[in-house]
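> only geometry, no sequence info:
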């Protein structure tokens, strides 16, 4: 089942979307918003699934689905908790700040709580006040949970996953070092994120979804040029069940909590940092990684962060080449 929120009011209008992302049908007679559906998932999930089947068979009213009409699946969410499940990314980005990677990062997930009260639509612009902030994209996988009790196990975390989607986790790299030096975490350096047009139930992903991981390449393009296509299921040190259990260690998570994987990242087969796509590698899901690789090779970075007018596109396709979640496509614009 694929669900989306068309732009309407503050929380969107819930629709069910066809598998090929071409058609949709109104679902507001079941639940007006995705959050309302998540709040009573056990009651509404069956009816939404029946509606999806009716859409597939052409037995319910339908209209043309346009990704540009979508808000993020949850236009505002109770929580956005972003992990760093790909330790290769953590190591590279920390090196760019002159920080070593503690050994505990291989056994204890890193996670922060970001802003989620004004999520960016999948085709809406990202607006910032200054390029001096060092604007970067981060292509990630995310899940939306049902209610999770405090102290939940990994298995309870996996069972609580309701939907899967993609993320462009916008980062302001030049603000991060000073902010973290205060010892109190991210605030200014992590503005709102953008999410894919469609969120899908795990069963929709077939055998690509296993062990709490999504085993498909995640594609990022900048200004139409392929920037990265790492395999999301490889080198994910912490699966989503583990990330959810970590988040719930001392507190419950409410239905509608979004948990992110962190930037998808692969090493080269020889264990070295990943190579650019142009050199036969899988590339990167953020510019910071490429800049760190350039620093390791050449002594300094030569690739700039994003500039006004630059467009980032993030998408995942199945093994047959079909888009699963639709595309995130955000253009960087100056804040008014």
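That came in fine, so what should we check first? Because the structure is predicted, anything quoted here is derived from the model rather than measured.

> Not counting the helix or strand of the chain with the lowest mean pLDDT itself, show me its contacts.
Every helix and strand in the chain was compared by mean pLDDT, DSSP states H and E; the lowest is helix 87-96, with a mean of 74. Under the contact criterion CB atoms under 8 Å, 6 or more residues apart in numbering, helix 87-96 has outside partners 84, 100-101, 105-106, 110, 235, 237, 262-267, 273-274, 285-286, 288-289, 291-293, 295-296. In this view, the C-beta of every residue, glycine as well, is placed from N, C-alpha and C.

> Type out the ChimeraX command that picks the buried ones from those.
In ChimeraX, a selection of the buried entries from those looks like this (16 or more other CB atoms under 10 Å):
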select :84,110,235,237,262,263,264,265,266,267,273,274,285,286,288,289,291,292,293
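
> In helices only, show me the contacts of helix 87-96.
Using DSSP state H, the members of these that fall within helices are 288-289, 291-293, 295-296.

> Need those residues in a markdown table (columns: pLDDT and distance to residue 160).
Listed next are those as a markdown table, based on pLDDT from 0 to 100; distance: CB to CB, whole Å:
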| residue | pLDDT | distance to residue 160 |
| --- | --- | --- |
| 288 | 93 | 31 |
| 289 | 92 | 31 |
| 291 | 93 | 36 |
| 292 | 89 | 35 |
| 293 | 90 | 37 |
| 295 | 88 | 40 |
| 296 | 84 | 39 |
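
> Let me have the residues you listed in a markdown table, adding distance to residue 198 as columns.
Converted to a markdown table, the ones in helices among the contacts of helix 87-96 look like this (distance: CB to CB, whole Å):
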| residue | distance to residue 198 |
| --- | --- |
| 288 | 28 |
| 289 | 27 |
| 291 | 31 |
| 292 | 32 |
| 293 | 32 |
| 295 | 37 |
| 296 | 37 |
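
> Do a quick rundown of the helices in the protein.
Using DSSP H, helices in the chain cover 34-39, 41-57, 87-96, 154-159, 176-181, 240-247, 287-298.

> weakest of those in terms of mean pLDDT?
The minimum mean pLDDT among these belongs to helix 87-96 (a mean of 74).

> what is the orientation angle of that helix with helix 287-298?
Counting by axes from the mean of the first three to the mean of the last three CA atoms, to 10 degrees, helix 87-96 lies at 70 degrees to helix 287-298.

> Give the buried residues for helix 87-96.
Residues 87-96 are the ones in helix 87-96 that count as buried (16+ other CB under 10 Å).

> how near is residue 60 to residue 152?
From residue 60 over to residue 152 the distance is 36 Å, taken as CB to CB, to the nearest Å.

> Those two: which is more packed in?
residue 152 (23 against 17; other CB atoms under 10 Å).

> In contact with that one, which residues are there?
The neighbours of residue 152, taking CB under 8 Å, 6+ apart as the test, are 160, 244-245, 248, 253.

> From the residues you listed, pick the one nearest residue 12.
residue 253 (21.2 Å; CB to CB).

> The closest one: neighbour count?
Around residue 253 there are 23 residues (other CB under 10 Å).

> which one of the contacts of residue 152 has the most neighbours?
Counting neighbours by other CB under 10 Å, residue 244 leads the contacts of residue 152 with 28 neighbours.

> How many residues are close by the residue lying closest to that residue once chain neighbours are set aside?
Excluding its sequence neighbours, the residue lying closest to residue 244 (CB to CB, 6 or more residues apart in numbering) is residue 157, at 3.1 Å. A count of nearby residues for residue 157, using other CB under 10 Å, gives 25.

> Return the set of residues that bridge with the closest residue to residue 200 other than its chain neighbours.
Distances taken as CB to CB, 6+ apart put residue 2 closest to residue 200, at 4.9 Å, once the chain neighbours are dropped. Beta-bridge partners recorded for residue 2 (DSSP bridges): residue 17, residue 200.

> residue contacts, residue 2?
16-19, 21, 52, 198-201, 204.

> Likewise for residue 156?
Contacts of residue 156 by CB under 8 Å, 6+ apart are 148-149, 244-245.

> What of residue 195?
By CB under 8 Å, 6+ apart, residue 195 lies in contact with 72-74, 119-120, 122, 142, 165-168, 258, 328.
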